[in-house]
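Chemist: Structural data only, the sequence is not supplied:
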C-alpha cells in the first residue's frame with residue numbers, strides 16, 4: 001500500500017512539474033530606428049501589465065534583436081530605451097501557448113538642440 005501511494009505521489013508531482021515547464025513562452029523583439037535600421041544595445045524591459053513590475057531585462061544585439069525566454073504565460077508590456085532616443089512602451093502583449101510572440105518596435109531620435117549658454 002505504501003509503495004502504491006509513493007508511486008502515485010511521484011506521478012502527480014511529476015505532472016505538476018511538466019505543466020509548469022510547458023506554461024512558459026518566449027518573446028522576441030526587433031528594435032529599429034525610423035529608417036528601419038537595427039539599433040544595437042537598446043534596453044528592453046518586460047513588465048507585468050497589471051502593476052508594471054519588472055519581470056526581465058534584455059539588451060538588443062547587433063541585429064537589433066532582443067530575446068526574453070522562459071517567461072510565464074500572461075499579460076505584459078514592453079519598455080524600450082536607448083540613449084538619444086525616446087523611450088517607448090508597447091501595448092499589452094498576451095503571451096500564451098498558441099504562438100511565439102514577435103514584436104517590432106520603432107525608436108525615434110530624441111536628440112535636442114541646446115540653447116545658448118551664458119557664463
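Modeler: Sure thing, it's come through. Everything numeric in this text was worked out from a predicted model, so none of it was measured. Numbers count the residues shown, from 1 in each chain.
Chemist: quick one, phi/psi of the residue nearest the centre of the chain?
Modeler: Residue closest to the average C-alpha location in the chain (C-alpha atoms, centre = their mean): residue 46, at 4.0 Å. For residue 46, the backbone dihedrals (degrees, to the nearest 10) come out as phi -100, psi 120.
Chemist: What's opposite it in the beta bridge?
Modeler: When bridges are called by DSSP bridges, residue 46 pairs up with residue 56, residue 78.
Chemist: pretty sure it contacts residue 69?
Modeler: No: under the criterion of C-beta atoms under 8 Å, residue 46 makes no contact with residue 69, lying 10.6 Å away. Every C-beta, even on glycine, is put in place using the N, C-alpha and C of the backbone.
Chemist: what do the two both touch?
Modeler: Common neighbours of residue 46 and residue 69 (criterion: C-beta atoms under 8 Å, 6 or more residues apart in numbering): residue 27.
Chemist: before we move on, back to that, just the pLDDT at the residue nearest to the centre of the chain, thanks.
Modeler: Confidence at residue 46, expressed as pLDDT, is 95.
Chemist: again with the one 10 residues further on
Modeler: pLDDT, the model's per-residue confidence, is 96 for residue 56.
Chemist: so how many other residues sit close to it?
Modeler: Residue neighbour count, defined by other C-beta atoms under 10 Å, stands at 14 for residue 56.
Chemist: need the contact list for it.
Modeler: Neighbours of residue 56 in contact, by C-beta under 8 Å, 6+ apart: 45, 46, 68, 71.
Chemist: Throw those residues into CSV and include distance to residue 52, thanks.
Modeler: CSV is the format used below for the contacts of residue 56 (distance: C-beta to C-beta, whole Å):
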residue, distance to residue 52
45, 10
46, 11
68, 16
71, 16
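Chemist: Counting neighbours, what do you get for residue 59?
Modeler: Count around residue 59 with other C-beta under 10 Å applied: 11.
Chemist: quick one: buried residues of the top strand by length along the chain?
Modeler: Longest strand in the chain, counting residues (DSSP state E): strand 24-33. Of the residues in strand 24-33, 25, 27, 29, 30, 31, 32, 33 count as buried by neighbour count, 16 or more other C-beta atoms under 10 Å.
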